[in-house]
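Q: Build me a structure from this.
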Amino acid sequence: MTYAPLRSGRPPQANDVEGDFARYARDRWPRLVATARLLTEDAGAAEELARRTLVRVCARWRRVPRNDVDFHVRRSLVRAYLRGRRAGGRRRVVLVLRHWEGLGEAEIAQLLGCSVGAVRAWVRRGEKETRAEDRRAGFAAVLAGLVPPAVPLDDIQRDGVLRRRRRAGAVAAGCALLLAPPALLAAGPLAGGGATPASEAPDRPAPGPVRIVAPGERVSVAPGVDLWLTPDGRHWSSPQAPNRFLPVDDVNLDRTRAGVSVQGEDLGGGTYLRSGMYYGLTADPARIEIRAGGRTVTANVLTLAGSPGWGVWYAKTPLADTGTDTITGAAADRARTATGARPAGSGQTVTVYDAAGEVLVRSAVGPPAARPVPVGMWRS
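A: Numbers count the residues shown, from 1 in each chain. Now for the predicted structure:
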């Protein structure tokens, strides 16, 4: 039996969600097992890797854009394979995706959360050892005679539902902690009697959610505020000014170098929405932090599939933290002209990090955040 690389096909059109996933899983299972076999070089490990990948996809199937399913499946496969592995694992992923799946360097970089230059270096190093044609022939030889078993669909869907329920429970618990009275939360460290600041463990880096959205997919970022992306730029709508648009080729966005724009809007009720575009980065962002009014928040990030080179961040902050915000020059003109919103800028710093925690770009004013913070959580 001959296996072709996993390719993006016509997205499933079924109306029922569970049947939609089942059809996709049955269709992609043999190719998924084949790609997993090339990564693991072991038949049993490949089947388990493919199964775990589909469990993770099943758990969030309702939120996966139907015109971009294969990207999400590949990303889940790669992350599951790399968990616990070092640089050698990433190099193998690059070679399999490049020479077997036929993906471009930019697509691979987005899947791995690294720079295109790093992917190019891995490809060159691999081709010095073995020609691309010989490597593809070697991959085909590994898969010769491979007959994957039937997809364990019942087990995958059962585990997927359990995983989704556990995630929902964790989110509910987190929300309960956020809504708990500050005095109750403050009582925790005192209960141990004598804990000192020196004994506290430092914060672990907590990446903000980088969400891949379909063109035109609306995301509710605040009550009454929707945000959506198309290949030509960013769109958003709020009660104060509906259906606004900022093109990605705006003359004020110099995409030949890394940059991040900032703007803000008073939503009422003591809440302020900060947002902006990032562009010209050497790698995909893994976390974006905003430092304002002496406090720090990690933003949400939206981008389109295919590593377009730009995306949008947003975060809600207390209105009190906008008192000293000003913005000057072209950025101010853009904020006033394109959005009609009150600009926000020099009283804050926006920092964009890659997956390794390195700074990709930082706004020119203000100090950086001292430590990462969980998404949506302010820290003084």
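
Q: Number of residues surrounding Arg135?
A: Neighbour count for Arg135, taken as other Cβ atoms under 10 Å: 18. Any C-beta I mention is one placed from the backbone N, CA and C, and that applies to glycine too.

Q: Would you confirm that it contacts His99?
A: Yes: using Cβ atoms under 8 Å, Arg135 is in contact with His99, at 4.8 Å.

Q: Helix or strand next in line after the lowest-mean-pLDDT helix or strand in the chain, which one?
A: Ranked by mean pLDDT, DSSP states H and E, the weakest helix or strand in the chain is helix 329-334, scoring a mean of 37. Next helix or strand after helix 329-334 toward the C-terminus (DSSP states H and E): strand 348-353.

Q: tell me how far that next one is from the chain's mean position?
A: Centroid separation for strand 348-353 versus its chain: 17 Å, with Cα atoms, centre = their mean, to the nearest Å.

Q: now stretch 312-319
A: 17 Å.

Q: Can you pull out the low-pLDDT segments for the stretch 151-300 of the chain?
A: Along the stretch 151-300 of the chain, segments meeting pLDDT under 70 span 169-209, 251-252, 255, 293.

Q: One more pass at 90, please.
A: Across the stretch 151-300 of the chain, residues meeting the criterion (pLDDT under 90) sit at 160-226, 228-276, 279-298.

Q: Which parts of it are strands?
A: 210-213, 219-222, 225-230, 233-237, 244-247, 259-260, 263-268, 271-279, 287-292, 295-298, 300-304 (DSSP state E, counting those that start in this stretch).

Q: Direction included, what does the first one pair up with?
A: Each strand pairing with strand 210-213, determined using DSSP bridges, is listed with its direction: strand 300-304 (parallel).

Q: just so I have it, where are all the helices in the chain?
A: Applying DSSP state H to the chain gives helices spanning 17-40, 43-59, 69-82, 87-99, 105-112, 116-129, 132-143, 153-179, 182-191, 329-334.

Q: got a markdown table for those helices, with distance to Gly264 too?
A: Listed next are the helices of the chain as a markdown table, based on distance: least, Cβ to Cβ, whole Å:
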| stretch | distance to Gly264 |
| --- | --- |
| helix 17-40 | 37 |
| helix 43-59 | 35 |
| helix 69-82 | 32 |
| helix 87-99 | 38 |
| helix 105-112 | 29 |
| helix 116-129 | 32 |
| helix 132-143 | 49 |
| helix 153-179 | 22 |
| helix 182-191 | 26 |
| helix 329-334 | 12 |
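
Q: So for Thr303, which of those helices sits nearest?
A: Of all the helices of the chain, helix 105-112 sits nearest to Thr303, with 8.5 Å by Cβ to Cβ.

Q: Okay, buried residues for the closest one please.
A: Neighbour-count burial for helix 105-112, counted by 16 or more other Cβ atoms under 10 Å, picks out Glu105, Glu107, Ile108, Ala109, Gln110, Leu111, Leu112.

Q: just stretch 143-150 next, same as before
A: Buried, per 16+ other Cβ under 10 Å, within stretch 143-150: Leu143, Pro148.

Q: So what touches that stretch?
A: Outside stretch 143-150, the residues that touch it by Cβ atoms under 8 Å, 6 or more residues apart in numbering are Met1, Tyr3, Trp29, Pro30, Val33, Ala34, Arg37, Leu38, Ala43, Glu47, Ala50.

Q: would TSV of those residues with neighbour count and pLDDT be doable?
A: Output for those, formatted as TSV (neighbours: other Cβ atoms under 10 Å; pLDDT from 0 to 100):
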residue	neighbour count	pLDDT
Met1	10	54
Tyr3	19	60
Trp29	21	93
Pro30	20	92
Val33	23	94
Ala34	23	93
Arg37	23	93
Leu38	23	93
Ala43	14	90
Glu47	20	94
Ala50	29	95
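
Q: how deep is Arg131 tucked in, by neighbour count?
A: Arg131 has 12 neighbours, counted by other Cβ under 10 Å.

Q: Check the gap between it and Val96 for me.
A: Distance of Arg131 to Val96, given as Cβ to Cβ, to the nearest Å: 16 Å.

Q: Kindly report the same for Phe245.
A: Phe245 is 40 Å from Val96, by Cβ to Cβ.

Q: Comparing those two, which residue is more hemmed in?
A: Using other Cβ under 10 Å, the more surrounded residue of Phe245 and Val96 is Val96, with 22 against 14.

Q: which non-adjacent residue is nearest the most centrally placed residue in the chain?
A: Central residue of the chain (Cα atoms, centre = their mean): Val210, 2.5 Å from the mean position. Of all residues not flanking Val210 in the chain, Val301 sits nearest, at 4.4 Å (Cβ to Cβ, 6 or more residues apart in numbering).

Q: Equivalent analysis for Val260, please.
A: Tyr278 (4.6 Å).

Q: if I pick the one you found, what's in contact with it?
A: By Cβ under 8 Å, 6+ apart, the neighbours of Tyr278 are 258-261, 285, 288, 310-313, 352, 360-361.

Q: Kindly report the same for Leu304.
A: Ile212, Val213, Ala214, Pro215, Leu229, Pro231, Gly311.

Q: so who does the first one touch?
A: Yep, that's Ile212 we're talking about. The contact partners of Ile212, by Cβ under 8 Å, 6+ apart, come to Pro65, Asp68, Phe71, His72, Thr303, Leu304, Ala305.

Q: got JSON lines for those, with pLDDT too?
A: Converted to JSON lines, the contacts of Ile212 look like this (pLDDT from 0 to 100):
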{"residue": "Pro65", "pLDDT": "80"}
{"residue": "Asp68", "pLDDT": "79"}
{"residue": "Phe71", "pLDDT": "88"}
{"residue": "His72", "pLDDT": "89"}
{"residue": "Thr303", "pLDDT": "87"}
{"residue": "Leu304", "pLDDT": "83"}
{"residue": "Ala305", "pLDDT": "75"}
